[in-house]
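K.L.:
Provided below are the primary sequence and the corresponding predicted coordinates.
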Amino acid sequence: MAEIRHFLDLDLLDAASLRAIVDAGIAFKGGTTPPAVAAAFAGKTLAIILEKPSTRTRVSFDVGMQQLGGRVVVLSDSGSHLGRGETIADTARVLSRYVDVIVIRTDAHQRLHELAANASVPVINALTDQTHPCQIMGDIMTFEEHRGTITGKVVAWSGDGNNVAATWIHGAQRFGFELRLACPPSLAPPDAVVDWAKREGASVRVTDSPAEALAGADLVLTDVWVSMGDSDADKRKALLAPYRVDEALMARAKPDALFMHCLPAHRGEEVTEGVIDGPHSVVWDEAENRLHVQKGILAWCLG
């Protein structure tokens, strides 16, 4: 029996596989669907488990699977027995009898791994509280379609050292770019992730200075200050106010630097309207490319 190809986190896959997925996403966006891929998806079904609300993830996976010729079933807590106490392990065993691939968007990272451990079909991480690998794959694809290879470039993050920031750390090692993260010390990325990157030889630096992080950057990133489940909104906003990406901070980056935000955005909080709606911003290409790169992920998972 062939090994199951799960897409759980960037640090669990080799650089060559990740590069192949991005290249596949670019090909899909260009209108290329190899006959072998079309044949592989005929009659296949994707189950999407949503334990957290979603717009881009749900629609992009649903549309992508249908464009590849497959079918989609969407499950939420309120619409399945997951919300009534059935274990994630039992859900994995049952769904594996019905569908060919499972996407999950959940809180606890352990639930993702428990699902994968008990599934006999590929499992894809569509977001946990610790990581968001599909987003970073789409972001890398977006950068490369505008500026060429991201290898050797400078990527700067300003804001909360959250799940998206943690996955950018994984990406820095796998794709070979320099990553600088400006975060308040109390909201810095987990030490374990930063230590992993350093052991793996990645160029990753954490600072509390946004101006230092963005100096000469090729790509500037941020995310919302208050995520789903955060209960300390006022405290977080006060800590993160100096990390807002405004026009003056964006000017620290290269003149042709790109700006990205995984959305949804709160204009006036983590980013000003002049930046997210300005000439550096590629957020709409970024959102679209989730569709294309996730088709690449699905194709990779199904071999």
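P.N.:
Looks like it came in fine. Predicted model, so just to flag it, every value in this text is computed and none were measured. Numbering: from 1, shown residues only.
K.L.:
now the strands for the stretch 1-150 of the chain?
P.N.:
For the stretch 1-150 of the chain, the strands defined by DSSP state E, counting those that start in this stretch occupy 45-50, 71-76, 101-105, 123-125.
K.L.:
So which of those strands is nearest residue 277?
P.N.:
Comparison of those against residue 277 by CB to CB identifies strand 101-105 as nearest, at 27.4 Å. C-beta: built from backbone N, CA, C; applies to glycine.
K.L.:
out of the strands of the stretch 1-150 of the chain, which comes closest to residue 26?
P.N.:
strand 123-125 (19.2 Å).
K.L.:
List the buried residues in the top helix by length along the chain.
P.N.:
Determined from DSSP state H, the single longest helix within the chain is helix 283-301. Within helix 283-301, the residues scored as buried using 16 or more other CB atoms under 10 Å are 283, 285-301.
K.L.:
before we move on, what about stretch 128-148?
P.N.:
Of the residues in stretch 128-148, 128-145, 147 count as buried by neighbour count, 16+ other CB under 10 Å.
K.L.:
Stretch 146-166 now?
P.N.:
Residues 147, 150, 153-166 are the ones in stretch 146-166 that count as buried (16+ other CB under 10 Å).
K.L.:
wait, which of those is closest to residue 263?
P.N.:
For the buried residues of stretch 146-166, the residue nearest residue 263 by CB to CB is residue 164; the value is 10.9 Å.
K.L.:
Just to check, the closest one is in contact with residue 135?
P.N.:
Yes. With contact defined as CB atoms under 8 Å, residue 164 counts as touching residue 135 (6.0 Å).
K.L.:
what sits in contact with each of those two?
P.N.:
Taking CB atoms under 8 Å, 6 or more residues apart in numbering as the contact rule, residue 164 and residue 135 both touch residue 262.
K.L.:
any low-confidence regions in the stretch 51-200 of the chain?
P.N.:
Under the criterion pLDDT under 70, the flagged ranges of the stretch 51-200 of the chain are 78-84.
K.L.:
all helices in it, in order from the N-terminus.
P.N.:
56-67, 88-98, 109-118, 133-147, 163-175, 191-199 (DSSP state H, counting those that start in this stretch).
K.L.:
Quick one: these as JSON lines, columns for distance to residue 32 too.
P.N.:
Converted to JSON lines, the helices of the stretch 51-200 of the chain look like this (distance: least, CB to CB, whole Å):
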{"stretch": "helix 56-67", "distance to residue 32": "12"}
{"stretch": "helix 88-98", "distance to residue 32": "30"}
{"stretch": "helix 109-118", "distance to residue 32": "30"}
{"stretch": "helix 133-147", "distance to residue 32": "14"}
{"stretch": "helix 163-175", "distance to residue 32": "22"}
{"stretch": "helix 191-199", "distance to residue 32": "34"}
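K.L.:
Return the residues in contact with residue 87.
P.N.:
If you count contacts by CB under 8 Å, 6+ apart, then residue 87 has nothing around it.
K.L.:
Then residue 283?
P.N.:
Contacts of residue 283 by CB under 8 Å, 6+ apart are 259-261, 263, 265, 276.
K.L.:
of these, closest to residue 196?
P.N.:
Nearest to residue 196 among the contacts of residue 283 is residue 260, at 23.3 Å by CB to CB.
K.L.:
Pairing partners for the closest one in the sheet, please.
P.N.:
Going by DSSP bridges, residue 260 is paired in beta bridges with residue 221.
K.L.:
isn't it right up against residue 138?
P.N.:
No. Using CB under 8 Å, residue 260 is not in contact with residue 138; the gap is 9.5 Å.
K.L.:
And for residue 42, the neighbour number?
P.N.:
Per other CB atoms under 10 Å, the neighbour tally for residue 42 reads 9.
K.L.:
which ones are touching the closest residue to it other than its chain neighbours?
P.N.:
Nearest residue to residue 42, sequence neighbours excluded (CB to CB, 6 or more residues apart in numbering): residue 69, at 5.3 Å. Residue 69 makes contacts with 38, 41-42, 44, as judged by CB under 8 Å, 6+ apart.
K.L.:
what's the answer for residue 182, then?
P.N.:
Contacts of residue 182 (CB under 8 Å, 6+ apart): 156-159, 207-210, 212-214, 243.
K.L.:
Could you do residue 180 as well?
P.N.:
Taking CB under 8 Å, 6+ apart, we find residue 180 in contact with 154-157, 204-207, 212-214, 217.
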